[in-house]
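# Give the three-dimensional model of this entry:
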Amino acid sequence: MRAGPLAPIRVTLTSVQPGRLTPALFGIGTVEARRSVLVGPTLAGRVRSVRVEVGDTVQAGQWLAEMDPVDLEERRLAVEASIARAGSTLAAAQAQGRDMLARRELAAMNARRNTDLAAQNFISAGALEARLQELASAEAALGAAEANLSAAQHDLQRLAAERAGLLQQRASLRLTAPMDAVVTSRDAEPGSTVIAGQAVLRLIAPDSLWVRVRLDQARSAGLAVGLPAQIALRSQPGAALRGHVARVEAVSDSVTEERMALVAFDPLPSGVSVGDLAEVTLSLPAASDALLVPNAAIVQVQGRTGVWQLDGDALRFVALRLGQASLDGQVQVLDGLRAGDRIVVHSEKALNSHSRLQVVDSLAGPQP
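Modelled structure (predicted):
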């Protein structure tokens, strides 16, 4: 009865006491860049040169790399020649239009003169009809000249647009930095063939680093933007860095049952690199006074959450309604216990209402 399977189960007890805890959330995260850019061509081609190395600091607009233009220069020269030819065609169409306009005016004057003469019976009706036909022909020729002039103008506009497109395509082959940044990766070397949209260089804004933190969904109550944070980087274990929650992701990880939050540095320290592991503690507003129990005392019995209470010599399970928890292992009890109640904190074995108990100060000591 004192040893073996029928021996009393050794347990440690504590009394429920009122108090006020400072709730906090804890999570592990990695340092990421808020603004990260992939620099690459808009068309497939061969890399001609790369002018920067990994770790270089670049300025907005700086020339980083260049793609091989292949036949763009020859195509530009061909378009320039076509534009010159179109200009000559336009000049010829304009001269033809002026000639046709003069011919129509002459034909119109002759037609008016012959109309007056025919009204006085000085010329025959056939002569008048010939002059009117000359006027109609001159007007038709003027219309054709105006149409040729309009076609020449449109052709010149088309060639100018093609030249502008070639110049823009030629300019796009020179890859420039879109912002002040640091080169973190060089993904293509001169001579490599890349497709449209493929990254040649990867850049990050060094002043946009923050920590992506993963928090247990079950313990994430109170997570909100603006919460103060303490950040401990694995690369700087002795430094306690300040920060705040800049964003709470709207999508959680259903597999790991975690929520994601982005924590910004206040201010950004030097020597932080992307990919650094970080331990982040988020401070929640202080809770009101309530009864506190150790987190180790809370157990699950038949789907209910509660503690084992020792009432005199009787052991019974009490279901609880819990509130917030602190990182030092204290949990609020909203309903189910009173101040002074004795509860089991640790036990050697799983308990039930018929278990025989032996109260000890610590389970780590030798058995009597």
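# Counting by contacts, list what whichever strand or helix holds W210 packs against.
Using DSSP states H and E, W210 sits within strand 209-216. In terms of contacts (3 or more CB pairs under 8 Å, 6 or more residues apart in numbering; DSSP states H and E), strand 209-216 is packed against strand 24-33, strand 236-248, strand 258-265, strand 277-283. Glycine gets a C-beta too; all of them are placed from N, C-alpha and C.
# ok, and which of those strands has the densest surroundings?
strand 258-265 (a mean of 21; mean count of other CB atoms under 10 Å).
# Just put the helices and strands packed on strand 209-216 in CSV and tack on mean pLDDT.
Listed next are these as CSV, based on pLDDT from 0 to 100:
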stretch, mean pLDDT
strand 24-33, 91
strand 236-248, 89
strand 258-265, 94
strand 277-283, 92
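# Can you list the buried residues in the strand holding W210?
Neighbour-count burial for strand 209-216 flags L209, W210, V211, R212, V213, R214, L215 (criterion: 16 or more other CB atoms under 10 Å).
# The fourth one is in contact with M260, isn't it?
Just to be clear, that refers to R212. Yes: shown here, R212 and M260 form a contact pair, counting by CB atoms under 8 Å, at 6.2 Å.
# Could you pull up the mean pLDDT of the helix or strand where M109 lies?
Element membership of M109, judged by DSSP H and E, is helix 72-119. Averaging pLDDT along helix 72-119 yields 86.
# for it, packing partners?
Using 3+ CB pairs under 8 Å, 6+ apart: helix 72-119 touches helix 125-172.
# Show me what the helix it packs on is packed against.
Using 3+ CB pairs under 8 Å, 6+ apart, helix 125-172 is in contact with helix 72-119.
# pLDDT weak spots in this structure?
Under the criterion pLDDT under 70, the flagged ranges of the chain are 1-6, 365-368.
# domain assignment for it?
4-20+288-359, 24-34+206-283, 36-69+173-203, 72-171 (automatic domain parsing).
# gap between the two ends of stretch 311-326?
Chord length of stretch 311-326, first to last residue, is 27 Å (CA to CA, to the nearest Å).
# Return the set of buried residues in that stretch.
Judged by neighbour count (16+ other CB under 10 Å), stretch 311-326 contains these buried residues: L315, F317, V318, L320, L322, G323, Q324, A325, S326.
# likewise stretch 189-205?
For stretch 189-205, by 16+ other CB under 10 Å, it's V194, A199, V200, L201, R202, L203, I204, A205.
# So which of those residues belong to strands?
Among the buried residues of stretch 189-205, DSSP state E puts V194, L201, R202, L203, I204 in strands.
# quick check, nearest of those residues to V345?
Closest approach between these and V345, by CB to CB: I204, at 48.6 Å.
# Touching, the closest one and V274? I think so.
Yes: between I204 and V274 there is a contact at 6.4 Å, judged by CB under 8 Å.
# what do these two both touch?
Here I204 and V274 have A33, T184 as joint contacts, going by CB atoms under 8 Å, 6 or more residues apart in numbering.
# how about G97, what does it touch?
L142, A145, E146, N148, L149.
# What count of nearby residues applies to the first one?
The number of residues packed near L142 is 21, by other CB atoms under 10 Å.
# Nearest residue to it in space, ignoring adjacent ones along the chain?
Take L142 and drop its neighbours on the chain: the residue closest to it by CB to CB, 6 or more residues apart in numbering is M100, 4.1 Å away.
# for the fourth one, same thing?
Using CB to CB, 6+ apart and skipping residues adjacent in sequence, the residue nearest N148 is A93, 4.6 Å away.
# swap in the last one?
Leaving aside its sequence neighbours, L149 sits nearest to A93 (CB to CB, 6+ apart; 4.1 Å).
# Quick one: neighbours of that neighbour, just the number.
Around A93 there are 19 residues (other CB under 10 Å).
# Okay, it and S172: tell me how far apart.
A93 is 35 Å from S172, where distance means CB to CB, to the nearest Å.
# Can you give the distance from stretch 264-272 to the centre of its chain?
21 Å (CA atoms, centre = their mean, to the nearest Å).
# Tell me the buried residues in that stretch?
Quick answer for stretch 264-272 (16+ other CB under 10 Å): A264, F265, V272.
# List just the nearest of these to H154.
The closest of the buried residues of stretch 264-272, once distances to H154 are taken by CB to CB, is A264, at 55.8 Å.
# Please give me every residue in contact with the closest one.
W210, G243, H244, V245, A246.
# The same query, at a cut-off of 7 Å, please.
By CB atoms under 7 Å, 6 or more residues apart in numbering, A264 lies in contact with W210, G243, H244, A246.
# Surely T42 and S172 touch.
Yes: look at T42 against S172 with CB atoms under 7 Å: they come within range, at 5.4 Å.
# R98 versus R219, what's the distance?
88 Å.
# do E189 as well
E189 is 61 Å from R98, by CB to CB.
# Kindly report the same for Q217.
Q217 is 83 Å from R98, by CB to CB.
# do the same with V248
Distance from V248 to R98, by CB to CB: 74 Å.
# L337 now?
Distance from L337 to R98, by CB to CB: 106 Å.
# same thing with G126?
In terms of CB to CB, G126 sits 32 Å off from R98.
# more crowded one of these two?
Per other CB under 10 Å, whichever of G126 and R98 has more neighbours is R98, with 13 against 8.
# Against Q168, how distant is that one?
Distance from R98 to Q168, by CB to CB: 37 Å.
# Then A218?
55 Å.
# And stretch 102-119, what's buried?
Buried, per 16+ other CB under 10 Å, within stretch 102-119: R103, R104, A107, N110, A111, N114, A118.
# How about stretch 283-294?
L284, A287, A290, L291, L292, V293, P294.
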